[in-house]
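got a predicted structure plus its sequence, pasted below:
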2 protein chains.
Amino acid sequence: MTTLSTTENVTAKVDAAVRAFDRLRRTSPTERAELLEAVAQALEANAATLIPLAQAESHLPQARLTGELARTTYQLRSFAQLLRAGDFAEVIIDHAKTDTPLGPTPDLRRHLIPLGPVAMFSASNFPFAFSVAGGDTASALAAGCSVIVKAHSGHPELSATTAAVVRDALVSAGAPDGTLDVVYGQQSGIALLQDPRIAAGAFTGSTWGGRALFDVAAARQRPIPFYGELGSVNPVVVSREASKAKADAIATGLVDSFTLGAGQFCTKPGVIFVPEGSTIPKLAQNALADAPAQALLNDRITAAYADSEAHFHQVAGVDTLVLGAVTDVGVTPSLFRTTLGNLLEHAGTLLEERFGPSVILVEYPAGADLASLLDSFEGSLTVTIHALDTGDVGIGDALDRASLIAGRIVWNGWPTGVAVSAAMTHGGPYPSATSALHTSVGVTAIRRFQRPVSYQNVPDLGLPESLRNANPLGLVRAVK
Amino acid sequence: MTTLSTTENVTAKVDAAVRAFDRLRRTSPTERAELLEAVAQALEANAATLIPLAQAESHLPQARLTGELARTTYQLRSFAQLLRAGDFAEVIIDHAKTDTPLGPTPDLRRHLIPLGPVAMFSASNFPFAFSVAGGDTASALAAGCSVIVKAHSGHPELSATTAAVVRDALVSAGAPDGTLDVVYGQQSGIALLQDPRIAAGAFTGSTWGGRALFDVAAARQRPIPFYGELGSVNPVVVSREASKAKADAIATGLVDSFTLGAGQFCTKPGVIFVPEGSTIPKLAQNALADAPAQALLNDRITAAYADSEAHFHQVAGVDTLVLGAVTDVGVTPSLFRTTLGNLLEHAGTLLEERFGPSVILVEYPAGADLASLLDSFEGSLTVTIHALDTGDVGIGDALDRASLIAGRIVWNGWPTGVAVSAAMTHGGPYPSATSALHTSVGVTAIRRFQRPVSYQNVPDLGLPESLRNANPLGLVRAVK
């Protein structure tokens, strides 16, 4: 079941996805909502099978996986709700006019249609929410695309079992065969992305792996959009005022945030700016005294993390406040400290994303401008600001500067919670995303898998239902 | 003035564009609307200078250029209107909730912000509407981006003069220096696109040139979106019923459409399917009997067109109904004919876009399925269907199939008129566009130069104005 796919069977799976797409693209929004809801229900019904499998393969704790499965079904239902609300097709109806400054214009009607079969590369750290039935799959299915998932090597059995549950649910709810399938192994993933009939790619993972796939997508004879979420350092800026007034709460919050899920979130805060003389470093160090070891996702990740930590704590000018250890159970957290000057000197090393429970505190001097602290960062999923008030010295400029490098700006909170909300942006400038134009979490993620088509003077009966005068699908439409 | 730019001055121009962007991104929608309107007004005020320059460099007739300038100012004003209407920032305000199935969610507010300085590569065939002050520039400025135009080598003096007019207007209206600039020469264009501070590219031109630039954009250390409009064959399908009932009107309309502007439109119909036995080929041949010669844009295009035509009419199975000639004045149109079988046999040659007044009629046999006629085509800006009724044999399926390859479907009309409308899609699957996700004509083109940013629990005073509770900018906002 989880043997590597051959190139031949990748082609056969794309054949089926193409046939499925030809039916899916004709389904009504309500029909697709029912498919998504059926998938959500089936996942819940099979939780007792799926969660232990996820636990065995990912080493994530049961409570976390139970929550993640709830998040996954909530995502599916959010897209179903979007489809039922009819607000996803960006319909614009521009009736014929005789009186424009350029003379008469025809009747033009525009809506969004699905792109075609999507190749989805799942992540190791969210075996449900960013895997076979995760947000990328949900948004592509909502758009009317079929999906072929390249299973993550970290949870192949879970991927196969989830796919079986999802496929059964889809077929029972009336979806065509080939609506969702899974391939295994790196070569199959590349073959999938290179198949000329695949219309888009989505990916969550490392900068290295994501860039390699982005390059494959861009080098095709017909290039396709490739939505990669690659890597993010998630800087946190603590104002002088906040450091004075609530160092304790910030230190505790920081420790909770960067050790959550063993620091294996793409939104883990990685670099925390505090004023020189702040008590936050000491408080965080104390809070970590008895931090338990947590298992990382797999041995490969543990080995890479241990290597990176060993290297990191030897960088000149880096103080090791807490040095994590690799134990039989997993890893304990690390806490480092440096100065702003030293950070800039070793930016190449110190500003790299480190996947695991490790952060570095950076002490900024008295005269430092908070906004400029963000200048050394590449694109990031988030920037977090801790302050007492928007009037704290330099905070207004820091908020503004944050918008230039991030997709989400968090105020007096922590970035590790990514709400599934219509207003969420999970993405940002490269490398946090290969395309900053769209989010990968929240219902506007559907727009990644849609394109506009316009109809000029086509009579009502020749129009797709979404554009007919009577609006039989009840879509939200702008009429001019 | 129009000497080649050196790499050094490209860098200096990007420096200025970066500084300008930092001010432009803070302007209000109303301020940007005023800038666009000032540019429109200045172009009109300088028409008597600009149009003769355009005539001299492009060989396009005065009436056409007058109309094109009107279209250009209309485009600018359409984006101004969009900004004034406040419907361009996709604002979603999702208030904090305590009762979601996943527990409490934070206050999240999302809007679109401008990407950054844009590199724009202008086209030869629309020296106003797809050049210095054309639709790409208008949409980027509307978003709040500064623009550096790589001038087309076909109209360097016009580019320089237009840029001077636009810059004067912008500066007088309060825009920062560096809001718009121009560079010259291929190497400067590449250096521009490679500059790490450039945030997006836009291009209208050949498939070869556009793909080369797309590859440059994708190969950057930080890849950027590159919106290329590359090439399009624009198939036309005439139903049996339409051919019987209105062959005369179709033949006349076809001749007018493919000879308009000497066939130098990206929306020129290139391949026209008619039923075997149709009188359309004969009627079109007659209508072309006294067709006048029209100048092509420049000598390079004339030479390339003459070569391509000479080659084309020697392809096996192609009947030459009218063979165009190159005269001192310009070129006269060509009309070719072949069978469906022969088209498929020589698809590599016969389905290539030919820039100039030349089309091929393809006779389909009695049993042919109309939808399947479209199967050999790559992505196309348009598909046109001539029919009596949506009930004509095979028309429903042909309309549906058209949506898979095109951005716009034209009914009983001709594709060469591209209305500037909110519902227009000018774009489509590759190679008609490098990104099918967005149009390049009409106000939704602004979305190419915007990205979302979300604010989590940020207090009102720390929010950008578009997201504040009082909605001081009067934007269209979805509140949940």
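Okay, I see it.

go through the longest helix belonging to chain A and flag the buried ones.
As assigned by DSSP state H, the longest helix anywhere in chain A is helix A:62-85. Residues of helix A:62-85 classed as buried by neighbour count (16 or more other Cβ atoms under 10 Å in any protein chain shown): A:64-65, A:68-80, A:82-84. C-beta coordinates here come from the backbone N, C-alpha and C atoms, glycine included.

how about stretch A:300-316?
Those would be A:301-302, A:304-306, A:308-309, A:312, for stretch A:300-316 by 16+ other Cβ under 10 Å.

for stretch A:328-342, same thing?
Result for stretch A:328-342 [16+ other Cβ under 10 Å]: buried residues A:330-340, A:342.

do stretch A:473-480 as well
A:473, A:475, A:477.

the last one contacts A:H95, correct?
No - taking Cβ atoms under 8 Å as the definition, A:R477 is not a contact partner of A:H95, at 11.9 Å.

helices or strands next to the longest helix of chain A in the packing?
helix A:29-45, helix A:47-58, helix A:135-143 (3 or more Cβ pairs under 8 Å, 6 or more residues apart in numbering or on different chains; DSSP states H and E).

next secondary structure element downstream of it?
Moving toward the C-terminus from helix A:62-85, the next helix or strand (DSSP states H and E) is strand A:91-94.

quick one: is that next one near chain B?
Yes - counting by Cβ under 8 Å from any Cβ of the partner chain, chain B is contacted by strand A:91-94 at A:92-94.

would you map the helices across the stretch 351-480 of chain A?
Counting by DSSP state H, counting those that start in this stretch, the stretch 351-480 of chain A has helices at residues A:395-405.

equivalent analysis for the stretch 101-250 of chain A, please.
Using DSSP H, counting those that start in this stretch, helices in the stretch 101-250 of chain A cover A:135-143, A:156-172, A:186-194, A:207-219, A:240-259.

got the residues of the stretch 1-150 of chain A near chain B?
Residues of the stretch 1-150 of chain A lying near chain B (Cβ under 8 Å from any Cβ): A:67, A:70-71, A:74, A:90, A:92-94, A:100-102, A:105-106, A:108-110, A:113, A:115.

for PyMOL, write a command that selects the buried ones of the residues you listed.
Typed into PyMOL, the next command selects the buried ones out of these (criterion: 16+ other Cβ under 10 Å):
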select buried, chain A and resi 70+71+74+90+92+93+94+102+105+106+108+109+110+113+115
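
and the residue of the stretch 251-400 of chain A found nearest chain B, how far from A:L254?
Taking Cβ to the nearest Cβ, chain B has its nearest neighbour within the stretch 251-400 of chain A at A:T390, 4.0 Å off. A:T390 is 21 Å from A:L254, where distance means Cβ to Cβ, to the nearest Å.

and the two? which has more neighbours close in?
A:L254 (26 against 16; other Cβ atoms under 10 Å in any protein chain shown).

nearest residue to the more buried one in space, please, no chain neighbours.
A:A284 (5.8 Å; Cβ to Cβ, 6 or more residues apart in numbering or on different chains).

neighbouring contacts of the host helix or strand of the one you found?
Taking DSSP H and E as the criterion, A:A284 maps to helix A:280-287. With contact meaning Cβ atoms under 8 Å, 6 or more residues apart in numbering or on different chains, helix A:280-287 is reached by A:238, A:243, A:247-248, A:250-252, A:254-255, A:272, A:274, A:321-322, A:335, A:337, A:361, A:363.

swap in 6 Å and give it another go.
A:247-248, A:250-252, A:254-255, A:274, A:321-322, A:335, A:337, A:361 (Cβ atoms under 6 Å, 6 or more residues apart in numbering or on different chains).

ok and that helix relative to helix A:240-259, angle-wise?
30 degrees (axes from the mean of the first three to the mean of the last three Cα atoms, to 10 degrees).

just checking, A:G263 touches A:V359?
No - with contact defined as Cβ atoms under 6 Å, A:G263 does not reach A:V359; the gap is 8.0 Å.

what sits against the closest residue to A:V271 other than its chain neighbours?
Excluding its sequence neighbours, the residue lying closest to A:V271 (Cβ to Cβ, 6+ apart) is A:P235, at 4.9 Å. By Cβ under 6 Å, 6+ apart, the contact set of A:P235 is A:271, A:377, A:383.
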